[in-house]
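Peer 1: Next come a sequence and a model predicted from it.
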Amino acid sequence: MEYWIIQIKPFSPKKRNENIVLNFQKDCIRNNLFGMGWNIDDNAYPAGEPMPDYEEYQQKWLETGSGNVSKTAYHAYQNIQAGDLVLFRDRNAKYYIAKVKTTAQWLTEDTVDFETYHNAKEAEMPSNPLSWACRVEKWYPISDVPSAVVGRFSQRRQQTIRRIADTDLQKLADILYSVATQTTYEKIPIHAENFCKAMNPDELEDLTAMWILDKNNEDNKNDENNENNKKSNFCLLPSSCKRNTPKYEFELLGMEKESGKIRRITCQVKNQEEIHADDYSSDTDTYWKIYLFSGIAVTDSGKNSPHIHVITKEDLYRFLLDNPNQNPIVNAYREKLQKWYTFS
């Protein structure tokens, strides 16, 4: 059994962001199918014909005077089997999942109803944009999508089709299909070493910001009733996010009550990339504290600077689970993860 992410946009680049794409996608969902473009002519093969070798079809396509058929996409469609799971996101960012019913076969216009598309298409557009297509048992809409799945669809360059090799993403697909078909499933165990992959970059930045605020606005444990005993009163500056600090995620500004001085804090967060601490040592005169978090590693001697602080995966994971001050943002992220994961 294999898992696939597919795109249904068999149109020229100029047309792929137009509403006609959504009309066509709706027809594919209604007809319980998906397929690739590069359609030569409906009569090129009999309806239901299995895919020939790539070289044969490529030669036929070249005779139309067009460029190459994607060899990667073609071979991927050749490898799709009945029982595989397929994930799809339409132009309105609505997600669907389905189980494959048939291998890829030649699709002709008389075997499918593209009514919504036909009513909206321009005269020069093909009546049937698909060539080889797979039938599915049923397209199920997904109302609640894990961040790890959203992240995979959010990559800047989207291939026509790609196999999901990541085992955790495969397990998420199984869970989503079980939810859609109302069958039982087992959640995925996560822990300090891999929880980052379950969160998207924005969520991880939010969690890190809450951890920094929690650590720098701690109450004096000896006198919880005395509000003046707070060490500091740092606040996140919303305008600093992405606009004023391209090197950092955001800034926090506050007064350190022990010294009465105004202090600035910032941070860098990388989910699945290393951070080189030495890249930030030149900014220690600007910031009182620079926090670094990486889901992989923070390297270099700069992490030993008194102004550079490394947040470990264990730090952030324990904060997500324990949330000592019951921060509602942290609670919301933990509850979201608990839909698909178990914490260990």
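Peer 2: Looks like it arrived, so ask away.
Peer 1: Identify the residues contacting the spatially most central residue of the chain.
Peer 2: To find the centre residue of the chain, average its C-alpha atoms and take the closest one (Cα atoms, centre = their mean): that gives residue 151, at 0.9 Å. Taking Cβ atoms under 8 Å, 6 or more residues apart in numbering, we find residue 151 in contact with 200-201. Glycine gets a C-beta too; all of them are placed from N, C-alpha and C.
Peer 1: Tell me which stretches of the stretch 51-200 of the chain form strands.
Peer 2: Secondary structure of the stretch 51-200 of the chain (DSSP state E, counting those that start in this stretch): strands at 85-89, 95-99, 105-106, 132-135, 140-142, 161-163, 188-190.
Peer 1: would TSV of those with mean pLDDT and distance to residue 8 be doable?
Peer 2: Listed next are those as TSV, based on pLDDT from 0 to 100; distance: least, Cβ to Cβ, whole Å:
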stretch	mean pLDDT	distance to residue 8
strand 85-89	97	7
strand 95-99	98	10
strand 105-106	97	16
strand 132-135	98	10
strand 140-142	97	15
strand 161-163	96	10
strand 188-190	95	28
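Peer 1: Dump those to a markdown table, plus mean neighbour count and distance to residue 267.
Peer 2: A markdown table is the format used below for the strands of the stretch 51-200 of the chain (neighbours: other Cβ atoms under 10 Å; distance: least, Cβ to Cβ, whole Å):
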| stretch | mean neighbour count | distance to residue 267 |
| --- | --- | --- |
| strand 85-89 | 22 | 31 |
| strand 95-99 | 21 | 31 |
| strand 105-106 | 20 | 53 |
| strand 132-135 | 23 | 45 |
| strand 140-142 | 16 | 33 |
| strand 161-163 | 18 | 33 |
| strand 188-190 | 17 | 23 |
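Peer 1: closest one to residue 48 among these?
Peer 2: Distances from residue 48 to each of the strands of the stretch 51-200 of the chain were compared using Cβ to Cβ; the minimum, 4.8 Å, belongs to strand 105-106.
Peer 1: residues in contact with the closest one?
Peer 2: By Cβ under 8 Å, 6+ apart, strand 105-106 touches 44-51, 131-134.
Peer 1: Could you do stretch 19-34 as well?
Peer 2: Stretch 19-34 is contacted from outside by 6, 8-11, 15, 35, 86, 88, 90-92, 96, 98, 101, 107, 112-117, 119-122, 125, 129, 133-139, using Cβ under 8 Å, 6+ apart.
Peer 1: now swap in stretch 44-57 and tell me
Peer 2: By Cβ under 8 Å, 6+ apart, the list of residues contacting stretch 44-57 from outside reads 38, 60, 69, 71, 74-75, 77-78, 103-108, 110-111, 132.
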